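*Asks:* turn this into a model:
(chains A and B, ligands or ions: 2)
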Amino acid sequence: MLQTLLPILIFAALAVGAAGAVRRIRLWRQGRRTPMRWHRLVLMPKRYLNDLHHVVARDKAIAHTHVATAGGFVAAMALALVVHGFGWRNPILGGLLLAASLCMFIGALAVNRRRIDPPAKLSKGPWQRLSKSLLAYSVGMFLVSLPLVGVAPTVLGGGVLALILLALVAWGLAEMLIGMGWGGPMKHAFAGTFHLAFHRRPERFDDQHRDVAHDVHRGSRSTALFPLDLTAKTLGVEKPADFQWEQLLGFDACVQCGRCQNVCPAYAAGQPLNPKKLIQDMVVGMAGGSDARYAGSGYPGIEVGKHHGGPTDAIVPQLVEAQTLWACTTCRACVEECPMMIEHVDAIVDMRRFITLERGETPEKGAAAIDNLIATDNPGGLDNASRLDWAADLDIPRIQQRPEGVDVLLWLGDGAFDMRNQRTLRSLVKILRAAEVDFAVLGDEERDSGDVARRLGDEATFQRLAERNIATLSRYRFQRIVTADPHSFHVLGREYGAFGGDYVVKHHSTFIAELFDAGRLSVKAAEPGETVTYHDPCYLGRYNGEFAAPRQVLAALGVEVAEMERSGYRSRCCGGGGGAALSDVPGKARIPDMRMEDVRETGATTVAVACPQCTAMLEGVVEPRPQVKDLAELVAAALAEPAAAPTARNSTEAPEEVPA
Amino acid sequence: MTQPERSASAAGEARVVALVSSGRHPVSGRAGRAREDARAVEMGLALAGASLHLAHAGDAEDAALPEYLGMFHGLEGAGGPGELSLLPMAAGDDAVPLLANWLEAYGANLVLTGQRAECGEGSGLLPYLLAERLGWAVATGVAAIEHYAGDRVTVLQALPQGQRRRLEVRLPCLLCVDGVAPMPRQSAFGPSRRGRVEAVANVTAEPDTLQAAWQWQPARARPKRLKVVKSTNARDRFKAAAAKSSASGGQVLTDLSPEEAAEKLIDYLRRERILTAPSGE
Ligand code: SF4
Ligand code: SF4
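*Replies:* Numbers count the residues shown, from 1 in each chain, chains lettered A, B, ... in the order given. Ligands and ions are numbered 1, 2, ... in the order given. Model prediction:
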């Protein structure tokens, strides 16, 4: 009986699953089409085994569980197809099938253990069922295959037991094969396979990436936003079908593991954003329906089950509230953690683009900043000629007076208008002078890099600023650009390339570390006893892979860094990126307060920062709290007074540490 | 923001026009939406939706025009692209006859605009000259339109220190929108790109001969009158510093004949040395 029914079961499940898969592919292809590159499918195994596993392996237990379960299943399925499906009942194959099933069974046990009291980040519902289905499949397949190696052939030959076994196998097949095609939890394997092959950012998997630094940190291999064609019919994403089809495919690959939810600063602050739910909402939109079947954590403060969507229905507000999109700081923590390599930030910015460019509904302060950028080239609406007011007594050389070119073009960023950041800039100038760096500034010809406009979705203003800055830069000669602002650093270094601006851009931490390496800076020994911690800015670390230089600088100063639990690529955002400080979506806590709590846990009395935005956000935390110092300030304070430095002016020294 | 009431009959035949000018950013001097004109457009959009029509006399390339058209979003119904009629003229030409002729030809019955331009002459006289020429009513300092029906419109006029006066104005009329009117909506790139600027054919602008004869000189800031508060009490000093300079010491003159009133005004202007009188002081 088994020998007649098993092949029928297997082929029926395959056929039904395949029909579902075809339908699923149609769902993905509702998105904007790009040319199909079928040959990319061959890239899949490497991307799966190497790149994806790299992320999964951050949690060793899960990685092992997944290897056992998934590896066991793939092998058991392939062998079952040969042995039971085509009836090649070879004892060796049978033995292998048993081994594979056993392996899968062990994995499934671990899955079930985790599911007894699942952590909050996991989804329940069908995912809870999947753990049982894995057991059913592995046990069923194991037992029906025993006769192949000659064990217990008679008991399993017929009768009730055989029926029960068949039911187990059928259950397993239904979950594993039919569910895979028809949107059950196993869909992730099928969608994930294609997603890895057709990923919109192939650079993420490119081990020969031109920038070696990025190979140390794979997450920063491809972080520039995609330019938007401003002549397109509608700008940005209004409905799910406006996404590129690879993006829809990517959303469908989500395994609802909740790693993104766990690291999202907005979610932790009780703001109405949860990257995992957002991705699931995109799936709901793509397939049509309501979010009532979602079995995980929702957006804080927003009830699950009240929203619905369809592929050609507007996303905001029926499916996702605008507040959800504006709460994101674009910190990329979710993208960094996602084992399925899903690009949350791209999706969020795509939807913001529609709201800003087509609907004109940027949050009020964000819209004001954009208007200012259009009128005055800086988000504060200030006179651009006052960009250098803080340096009136420093006699900083202008690049306009140096037609022969300079080594370093110092890019000031909009921090130049902020009194707190002006102290950092003054420190940086002091350092550059102490190291006798040949530098100059653009002065009032410098414009905002366009970072905030771009993250708020105003690609038009961003591109205008980018084009103007690139035109300005093309008039002058310099070896490299150095900036104390990671946002300018990222935009100039990685996003201007698409508009014809290719520069060597260095963050001041990298540059100062190089000065130390070259022996061009000498510092006094640090006072012992002070505990310092370092906060990695998102746009320096996760976006650009620079984790080492700031720590090198601190080491050169002789301070030991007490690392926070979340540091390096897992650093928690200060809350100031992506225009989130402007949209200021209410939550239960403030993100900088939570970050300051992280700082306090290390017992540090000083937190070293490397970004004007982080400085502002962290200094906004009420006292008493550890003091916030930019790396440049720490270095400048420790500089051994160079006796022979011709440029050190008295006036530049004294007022440095006096708070404004 | 409360939507103005509007009777069904009026909505159909409403020909609402907003006159827009090229604004100047107070810091950078870049062309953009003028603050009051943008509020006039906002008021027009709230009243007439996408059927609001814009008009501008000047340069077709002005950067401010797409910004106004970018406000045509979030409107009821289909909300087609915004339309702007452009009356081409040079900076030294007289906009009044152009606009007056066009408004008549277009059949406008409610015209919204700011109180004064942010560049050029900026005298704030244009609405009055237009109204005079067309024989229409004109109301300035409009903060809100409350009711719009049939042949009249009820508006709230802004007075100093937050006071409001309700006015009923006969149509057709010109309303000059005050800076206290509701904030204009964001200008979005998509609608601005779709908006249409149509140059009106067969208009010939004539030079503003009056203006050409003027003598121009840079403005000089008039010194502010300070009220020095001698008090050792911080609270009093603060109150004095924070107090709005209200027009104190003025007098309300009622029941005067036009001649007497004119006499009083001329006296006042002489005292303030705004008029230098041939007859001396
Ligand atoms: S988006 Fe990625 S990290 Fe988030 S739940 Fe899905 S698979 Fe996990
Ligand atoms: S980028 Fe940061 S804030 Fe935005 S969803 Fe991801 S984790 Fe949350």
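*Asks:* alongside ligand 1, which residues does the stretch 401-550 of chain A contribute?
*Replies:* Within the stretch 401-550 of chain A, no position lies close to ligand 1 (CB under 6 Å from any ligand atom). C-betas here are computed from N, CA, C, even on glycine.
*Asks:* can you pull the phi and psi angles for A:V406?
*Replies:* Here is the backbone geometry of A:V406 (degrees, to the nearest 10): phi -130, psi 170.
*Asks:* which strand residues bridge it?
*Replies:* Per DSSP bridges, the residues bridged to A:V406 are A:F478.
*Asks:* what about the single nearest residue of the stretch 401-550 of chain A relative to chain B, which helix or strand?
*Replies:* For the stretch 401-550 of chain A, the residue closest to chain B is A:A460, as judged by CB to the nearest CB, at 4.1 Å. Using DSSP states H and E, A:A460 sits within helix A:459-473.
*Asks:* same deal with A:A608?
*Replies:* Per DSSP H and E, the secondary structure element for A:A608 is strand A:606-609.
*Asks:* now what about that strand, what contacts it?
*Replies:* A:530-535, A:537, A:550, A:554, A:561, A:596, A:599, A:615, A:618, A:626-631, A:634 (CB atoms under 8 Å, 6 or more residues apart in numbering or on different chains).
*Asks:* let's see which of these end up in helices.
*Replies:* The helices, defined by DSSP state H, take in A:P550, A:L554, A:M596, A:V599, A:T615, A:L618, A:L631, A:L634 from those.
*Asks:* by contact count, what packs against the helix or strand that contains A:A80?
*Replies:* Assigned by DSSP H and E, A:A80 belongs to helix A:60-80. For helix A:60-80, the elements it packs on are helix A:53-56, helix A:91-116, helix A:126-145, judged by 3 or more CB pairs under 8 Å, 6 or more residues apart in numbering or on different chains; DSSP states H and E.
*Asks:* most tightly surrounded among these?
*Replies:* With neighbours taken as mean count of other CB atoms under 10 Å in any protein chain shown, the helices and strands packed on helix A:60-80 reach their highest mean count in helix A:126-145, at a mean of 22.
*Asks:* got the angle for that helix vs helix A:60-80?
*Replies:* 50 degrees (axes from the mean of the first three to the mean of the last three CA atoms, to 10 degrees).
*Asks:* could I get the CA-only coordinates of helix A:126-145 as PDB?
*Replies:* The C-alpha coordinates for helix A:126-145 follow below in PDB (Å, rounded to 0.1, in the frame of the first residue of the first chain):
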ATOM      1  CA  PRO A 126       1.700  29.100  11.200                       C
ATOM      2  CA  TRP A 127       5.300  29.400  12.400                       C
ATOM      3  CA  GLN A 128       4.400  27.600  15.600                       C
ATOM      4  CA  ARG A 129       2.700  24.900  13.400                       C
ATOM      5  CA  LEU A 130       5.800  24.700  11.200                       C
ATOM      6  CA  SER A 131       7.900  23.300  14.100                       C
ATOM      7  CA  LYS A 132       5.400  20.400  14.500                       C
ATOM      8  CA  SER A 133       5.200  19.900  10.700                       C
ATOM      9  CA  LEU A 134       9.000  19.500  10.600                       C
ATOM     10  CA  LEU A 135       8.700  16.800  13.200                       C
ATOM     11  CA  ALA A 136       5.900  15.100  11.300                       C
ATOM     12  CA  TYR A 137       7.800  15.100   8.100                       C
ATOM     13  CA  SER A 138      11.100  13.800   9.500                       C
ATOM     14  CA  VAL A 139       9.500  11.100  11.700                       C
ATOM     15  CA  GLY A 140       7.100  10.000   8.900                       C
ATOM     16  CA  MET A 141       9.800   9.900   6.300                       C
ATOM     17  CA  PHE A 142      12.200   8.100   8.600                       C
ATOM     18  CA  LEU A 143       9.600   5.400   9.500                       C
ATOM     19  CA  VAL A 144       8.300   4.800   6.000                       C
ATOM     20  CA  SER A 145      11.900   4.500   4.800                       C
END
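*Asks:* gap between the two ends of stretch A:358-365?
*Replies:* One end of stretch A:358-365 sits 18 Å from the other (CA to CA, to the nearest Å).
*Asks:* identify each buried residue in that stretch, please.
*Replies:* A:E358, A:R359, A:G360, A:E361, A:T362, A:P363 (16 or more other CB atoms under 10 Å in any protein chain shown).
*Asks:* so, in contact with ligand 1 or not, stretch A:190-200?
*Replies:* No - Stretch A:190-200 is not in contact with ligand 1 by CB under 6 Å from any ligand atom; minimum separation 8.9 Å.
*Asks:* so how far is that stretch off the chain centroid?
*Replies:* 17 Å (CA atoms, centre = their mean, to the nearest Å).
*Asks:* ditto for stretch A:143-152
*Replies:* Worked out by CA atoms, centre = their mean, stretch A:143-152 lies 48 Å from the chain centre.
*Asks:* neighbouring contacts of the lengthiest strand in chain B?
*Replies:* In chain B, with assignment by DSSP state E, the single longest strand is strand B:137-149. For strand B:137-149, the external contacting residues (CB under 8 Å, 6+ apart) are B:2, B:4-7, B:9-10, B:14, B:43, B:46-47, B:110, B:112, B:115, B:127-128, B:130-131, B:153-159, B:164, B:166-167, B:169-170, B:172-178, B:180-182.
*Asks:* all set, thanks.
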